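Student: The following block contains a protein sequence and its predicted model.
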Amino acid sequence: MARVVELSYYPVKGCAAVSAREALLTPAGLAHDRTFMVVSEAGVYRTQRRDPRLALIRPAISEDGGRLVLRVPDAESLDLPVDTSGARRPVDLFGTAYQGIDQGDTVAEWLSDVLGTRSRLVRVPPDHHRVTDGRTPGTSGYADSCALHVLSRSTLDLLNQKLAERGAAPLPVNRFRPNIVIDGWDEPHTEDRARGLSVGTAELGYAKLAIRCAVTLVEQESAKRAGPEPLRTLAAYRRAAEGGVAFGTKLSVLRPGRIRVDDEVTVTAWGESELRTADRLARRPG
């Protein structure tokens, strides 16, 4: 039986995860997931790709979303009321224009000191409207794309087996920053073929494969770049023809609900993996 073994949400995009035993699943993903984003003074999003110290920031948000606490080693924590009604400002996420509510100068100074570069914090406006792409369209806050990122333990186990064969150390699941980790699928990358899933009282729909980036090179505990793994090993067997490597899947929320660790995961529809590797295409006749 497949079941949920880990639930994680990321209140501030790029910062550390909050682990949960139970969570509300909204149309935009787990409640409070990527509702805040650190941006430059010009409004451009910050990411661990360029600012790996984001990984050291550990957010905590109240259940009602009214207070946000930020903690980091060797610095005082910051507890701030969340502004959900202030003036909007333009922000840039992967070249697309959105709006954000600036959370003020106090948190801006705190983040600038921690990251060593001038930064501000914005929150998704209550009327935020974003349509995500993929096989099943949906919505999300400031996530890279879709509402949910799902990864199975067997998929990670296969990668760690291949890393061991290269003499490399195994990697923890937090290197991939999933929202939902599933155990009980014996075949690695089963999530590639799961087109519909029922979990708790929620229904999920497959959107696309998760194409991995340089964030996977950052040790989440130390914020140090530890490359070239896992991208080097993944390129040997999960290299997508359109570029990058695929590891895990992105899902949209078809029916909101509550999900818990240990909930059974039922696949309601299956399909073929969309992974079309460069090697497979090269071997195709004609």
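Tutor: Right, received. Where do you want to start?
Student: Give me the distance from stretch 80-87 to the chain's centre.
Tutor: Counting by Cα atoms, centre = their mean, to the nearest Å, stretch 80-87 is centred 24 Å from the centre of its parent chain.
Student: what's the span of it, first residue to last?
Tutor: 17 Å (Cα to Cα, to the nearest Å).
Student: So for it, mean pLDDT?
Tutor: Averaged over stretch 80-87, pLDDT sits at 96.
Student: Stretch 28-39 now?
Tutor: Averaging pLDDT along stretch 28-39 gives 98.
Student: do stretch 64-76 as well
Tutor: 96.
Student: That stretch spans what distance, first to last residue?
Tutor: First residue to last in stretch 64-76 (Cα to Cα) measures 24 Å.
Student: List the buried residues for that stretch?
Tutor: Within stretch 64-76, the residues scored as buried using 16 or more other Cβ atoms under 10 Å are 68, 70, 72. No exception for glycine: its C-beta is placed from N, CA and C like everyone else's.
Student: and the residue lying closest to Pro73 once chain neighbours are set aside, what does it touch?
Tutor: Once flanking residues are discounted, Pro73 sits nearest to Leu56: 6.3 Å by Cβ to Cβ, 6 or more residues apart in numbering. Counting by Cβ atoms under 8 Å, 6 or more residues apart in numbering, Leu56 makes contact with 16, 72-73, 114, 223.
Student: In helices, which of these appear?
Tutor: Val114 (DSSP state H).
Student: Widest-spaced pair of the contacts of Leu56?
Tutor: Greatest spatial distance among these (Cβ to Cβ): Ala16 and Val114, at 12.4 Å.
Student: list the residues that contact both of the two?
Tutor: Shared contacts of Ala16 and Val114 (Cβ under 8 Å, 6+ apart): 56-57.
Student: which of these two has more neighbours?
Tutor: Neighbour totals were compared for Ala16 and Val114, and Ala16 leads with 24 against 21 (other Cβ atoms under 10 Å).
Student: all helices of the chain, in order?
Tutor: Per DSSP H, the chain carries helices over the ranges 105-115, 153-165, 231-234, 278-283.
Student: Just put these in JSON lines and tack on distance to Val265 and mean pLDDT.
Tutor: Shown next, in JSON lines, are the helices of the chain (distance: least, Cβ to Cβ, whole Å; pLDDT from 0 to 100):
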{"stretch": "helix 105-115", "distance to Val265": "37", "mean pLDDT": "98"}
{"stretch": "helix 153-165", "distance to Val265": "12", "mean pLDDT": "98"}
{"stretch": "helix 231-234", "distance to Val265": "24", "mean pLDDT": "98"}
{"stretch": "helix 278-283", "distance to Val265": "28", "mean pLDDT": "45"}
